[in-house]
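*Asks:* how would this look folded up:
(one chain, ligands or ions: 2)
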Amino acid sequence: MSSVAVYSPKGGVGKSTCAVNLAYLSATTSTRRTLLWDIDAQGAAGYLLGAHRQREEAHKIFSKDADPVELARTTPYLQLSMLAADTSLRRLDVQLVEEDARKRVRKLIRTLERKFERIILDCPPGVTEISEQIFRAVDLVVIPVTPSALGMRVFEEAVAHIRDKHRNGPPVLPLLSMVDMRRKLHREMVSTHPDWRVIPYASVVERMSAERAPLAAFAPRHPATRAFAEVWTEVEQRLIAIESERQIADRAAR
Ligand SMILES: Nc1ncnc2c1ncn2[C@@H]1O[C@H](COP(=O)(O)OP(=O)(O)OP(=O)(O)O)[C@@H](O)[C@H]1O
Ligand SMILES: [Mg+2]
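*Replies:* Ligands and ions are numbered 1, 2, ... in the order given. Here you go, the predicted structure:
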């Protein structure tokens, strides 16, 4: 039972795209009972997955007595459920601070983990109360990095923040997002990070918002689809390793 945040402080780097594809691969390739949880008021993940528009409902999950499992909805895909976002999440940061609910995200994730084997969170950009709560709750943070000096700087700051402010915080898995190998700078970024997975810049990825479906559902053989599959394989391997370490630690503590 593990959770992954797809996060970056930077907007528009491919977080929602990545979260939707990873959640789909978790449910299909790995046949895990999977929840895609969209925490960004823009609601992009739900849109990309073809969810019906909902009004002012998403905040309910954060209210004290809500049962998050009951609020999760099925999707057209077997084993994949979703908690969609809407504009009611705009004040979420303020709401959690006002209620002094500093552990709410963590508690919700622990409850959801009783039903779902894999929880993938599509996070809003920025460094906020929500992102702090997410870092205290998840097992792994996937950070899409755009291949530029600014993209790298933002990534390094995020890693430093998690390391400095969250003792025993989650490990980070970076990936290079929107890579165009015709561009020299992009090729240089790929060669300086040989162990990072690479998602190519491809118009088929943009088509997700027209198809409103994960890439593998409409372009199963495209190189971009295969790139997300490789990312998922690495994520799944990391989660299995984290779970077995946790089991060993639990047994030792008993
Ligand atoms: N590999 C890619 N190739 C081409 N276009 C991409 C790729 N990844 C994402 N995009 C496009 O870039 C835009 C931003 O992607 P996405 O919404 O996933 O980013 P985000 O980080 O979630 O943004 P936000 O910070 O606003 O939530 C979208 O139009 C998406 O289709
Ligand atoms: Mg997004």
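*Asks:* quick one: distance of stretch 233-247 to the chain centre.
*Replies:* Here the centre of stretch 233-247 is set off from its chain's centre by 16 Å, with CA atoms, centre = their mean, to the nearest Å.
*Asks:* check stretch 76-93 too.
*Replies:* For stretch 76-93, the distance to the chain centre is 12 Å (CA atoms, centre = their mean).
*Asks:* wait, does that stretch contact ligand 1?
*Replies:* No: figure legend: stretch 76-93 not in contact with ligand 1 (CB under 6 Å from any ligand atom); closest approach 10.3 Å. The way it works is simple: take the backbone N, C-alpha and C, and place the C-beta from them, glycine included.
*Asks:* and that stretch, what's buried?
*Replies:* By neighbour count on 16 or more other CB atoms under 10 Å, the buried set for stretch 76-93 is 77, 79-86, 88-89, 92-93.
*Asks:* let's see which of those end up in strands.
*Replies:* Mapping the buried residues of stretch 76-93 onto strands (DSSP state E) picks out 80-83.
*Asks:* can you list these in a markdown table and add pLDDT and distance to residue 151?
*Replies:* Formatted as a markdown table, those follow (pLDDT from 0 to 100; distance: CB to CB, whole Å):
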| residue | pLDDT | distance to residue 151 |
| --- | --- | --- |
| 80 | 98 | 30 |
| 81 | 97 | 32 |
| 82 | 96 | 28 |
| 83 | 95 | 29 |
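*Asks:* returning to what we had before: quick check, nearest of the buried residues of stretch 76-93 to ligand 1?
*Replies:* residue 85 (10.3 Å; CB to the nearest ligand atom).
*Asks:* and the closest one, backbone torsions?
*Replies:* Dihedral pair for residue 85: phi -110, psi 160, per degrees, to the nearest 10.
*Asks:* wait, what's in contact with it?
*Replies:* Shown in contact with residue 85 (CB atoms under 8 Å, 6 or more residues apart in numbering): 38-43, 45-46, 58, 122.
*Asks:* can you check residue 15 too?
*Replies:* Taking CB under 8 Å, 6+ apart, we find residue 15 in contact with 6-8, 122-123, 125, 144.
*Asks:* got it, and residue 88?
*Replies:* 41, 55-60.
*Asks:* one more time with 10 Å
*Replies:* 41, 54-62, 95 (CB atoms under 10 Å, 6 or more residues apart in numbering).
*Asks:* where does the stretch 51-200 of the chain get nearest to ligand 2, which residue?
*Replies:* Using CB to the ion, the single residue of the stretch 51-200 of the chain nearest to ligand 2 is residue 122, 5.9 Å away.
*Asks:* any idea how far residue 153 is from residue 82?
*Replies:* Applying CB to CB, to the nearest Å, the value for residue 153 to residue 82 is 33 Å.
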